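Engineer: Sharing a sequence plus its predicted fold:
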Amino acid sequence: MDPTGVGVAGATVQLTGTDPAISQQAVTDNDGRFVFAHPQPGPVHLTITADGFAAHQFDGDLQPAQPLDVPQITLALATVNTEVKVVPPQVIAEEQIKEEEKQKALGFIPNYYVSYVPDAVALNPRQKFELAWKSTVNPVTFGITGVIAGIQQARNDFSGYGQGADGYAKRYGAAYADDAISTMIGGAILPSLFKQDPRYFYKGTGSRKSRLLYALATALICKGDNGHWQANYSGLLGGLAAAGISNAYYPSKDRGADLVFQNALIGIGATAAANVLQEFVIRRFTPNLPSHDPANGSSGAGGKVHSLVGRAFSPFAPRTKDGD
């Protein structure tokens, strides 16, 4: 019987006698009854097992030519041991960061600031700075910066720098400073202060229109470390701060408050464009993605123009007053 007095059907009853190597087996009927015909006389040992119940033992002595009635047996419910392993959130976040660091568009361009895990654990401040630092010192960063500086020199952007090797070096330093400052401020410092996630969270599902609107919206709103949507203070203020700091090292004729706000607006547009590329294009060219399916409802952020993939849209490259 079970603890409520209901017969246990399908329980296995094993009978052994004086010779443990010889045994018989029976299965209980719907009323929990069982019977063994013609067992050997002498000591008998019964072992009763059933799914969900603890095993039960019974010992008796069977006399020759006499039946042995086994008294009612009540099976106790089995004890279930559940092991709960608690893993600190920062450990999970660290593992997810390692996956993100393997993401490289075309196999070599770092794509760190995109999460393909919709419910990724929020980063702590140390991890935000770690991600920003690795993006800033990545060799590809130096290479792309060199290309940008070369294009600027060919077009004579920021003509106050002049031409030749000296002019190129100044343009290179300014372009690299733009990227490093925007990454640190928009991808680490402000996200740590405002408790916001600087990454873009890939959506990947839904209609093309819904995905497009999602990608554009995440230039202005983002997911906080608490999981709630909020204004993207990190990205918006980070753009203003980085553009403002650039006034310290760009030629005097290329400086001004109007350019700071102009470049901040350009930064918002560039972030939105980079988000659209992330949503529809770049994933196809990024190997080593984590094996997680995207889900609707994931949120994103755009404080940094998603690593080097969006560097071509550099939101903090000031435009000169003379129209260069």
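Structural biologist: Great, that's in hand.
Engineer: low-scoring pLDDT stretches of the protein, where are they?
Structural biologist: 288, 290-324 (pLDDT under 70).
Engineer: go with 80
Structural biologist: 18-21, 80-87, 90, 101, 255-264, 267, 287-324 (pLDDT under 80).
Engineer: Of all residues in it, which one is nearest the centre?
Structural biologist: Geometric centre of the chain, nearest residue: residue 120, 2.9 Å, by CA atoms, centre = their mean.
Engineer: which non-adjacent residue is nearest it?
Structural biologist: Among residues not flanking residue 120 along the chain, residue 96 sits closest, at 5.2 Å (CB to CB, 6 or more residues apart in numbering). Yep, even glycine has a C-beta here, placed from its N, CA and C like the rest.
Engineer: send the alpha carbons of the helix or strand hosting that neighbour over as CSV?
Structural biologist: Using DSSP states H and E, residue 96 sits in helix 89-100. Output of helix 89-100 as CSV, limited to C-alpha atoms (Å, rounded to 0.1, in the frame of the first residue of the first chain):
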residue,chain,number,x,y,z
PRO,A,89,26.3,36.2,-12.0
GLN,A,90,29.8,37.7,-12.6
VAL,A,91,31.1,34.2,-13.4
ILE,A,92,28.4,33.7,-16.0
ALA,A,93,29.0,37.1,-17.4
GLU,A,94,32.7,36.4,-17.7
GLU,A,95,32.0,33.2,-19.7
GLN,A,96,29.6,35.1,-22.0
ILE,A,97,32.3,37.8,-22.5
LYS,A,98,34.8,35.1,-23.6
GLU,A,99,32.3,34.0,-26.2
GLU,A,100,31.8,37.5,-27.4
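Engineer: switch to numbering from 34
Structural biologist: Sure, I'll start counting at 34 from here, so that last one is helix 122-133.
Engineer: Okay, buried residues for that helix please.
Structural biologist: 126-127, 129-130, 132-133 (16 or more other CB atoms under 10 Å).
Engineer: ok, now stretch 84-100?
Structural biologist: 86, 89, 95.
Engineer: cool, stretch 259-277 as well?
Structural biologist: So for stretch 259-277, counting by 16+ other CB under 10 Å, buried means 263, 265-277.
Engineer: Give me the neighbour count for residue 195.
Structural biologist: 15 (other CB atoms under 10 Å).
Engineer: That one and residue 186, how far apart?
Structural biologist: 9 Å (CB to CB, to the nearest Å).
Engineer: Likewise for residue 94?
Structural biologist: With CB to CB as the criterion, residue 94 and residue 186 are 104 Å apart.
Engineer: returning to that earlier point: chain center to the helix holding residue 129, what's the gap?
Structural biologist: Computed by CA atoms, centre = their mean, to the nearest Å, the separation of helix 122-133 from the middle of its chain amounts to 7 Å.
Engineer: residues in contact with it?
Structural biologist: Contact with helix 122-133 is made by 144-148, 150, 153-157, 160, 163-164, 232, 323, as judged by CB atoms under 8 Å, 6 or more residues apart in numbering.
Engineer: next one: the helix or strand that it is followed by to chain centre, how far?
Structural biologist: Next along the chain after helix 122-133, taking DSSP H and E as the criterion, comes strand 137-138. The chain centroid and the centroid of strand 137-138 are separated by 17 Å under CA atoms, centre = their mean.
Engineer: for whatever helix or strand comes next after strand 137-138, packing partners?
Structural biologist: Once the chain leaves strand 137-138, the next helix or strand it forms, by DSSP H and E, is strand 142-143. Contacting strand 142-143 under the criterion 3 or more CB pairs under 8 Å, 6 or more residues apart in numbering; DSSP states H and E is no other helix or strand.
Engineer: next helix or strand past strand 142-143?
Structural biologist: Past strand 142-143, the next helix or strand by DSSP H and E is strand 147-148.
Engineer: Determine the set of other helices and strands touching that next one.
Structural biologist: By 3+ CB pairs under 8 Å, 6+ apart, strand 147-148 packs against helix 122-133, strand 233-234.
Engineer: strand partners of the shortest one, parallel vs antiparallel please.
Structural biologist: The one in question is strand 233-234. In the sheet, strand 233-234 lines up against strand 147-148 (parallel) (DSSP bridges).
Engineer: Validate this expectation: residue 59 resides in a helix.
Structural biologist: No: using DSSP: H, G, I helix; E, B strand; the rest coil, the secondary structure at residue 59 is strand, not a helix.
Engineer: pretty sure it contacts residue 43?
Structural biologist: No: at 11.2 Å, residue 59 does not count as touching residue 43 under the criterion of CB atoms under 8 Å.
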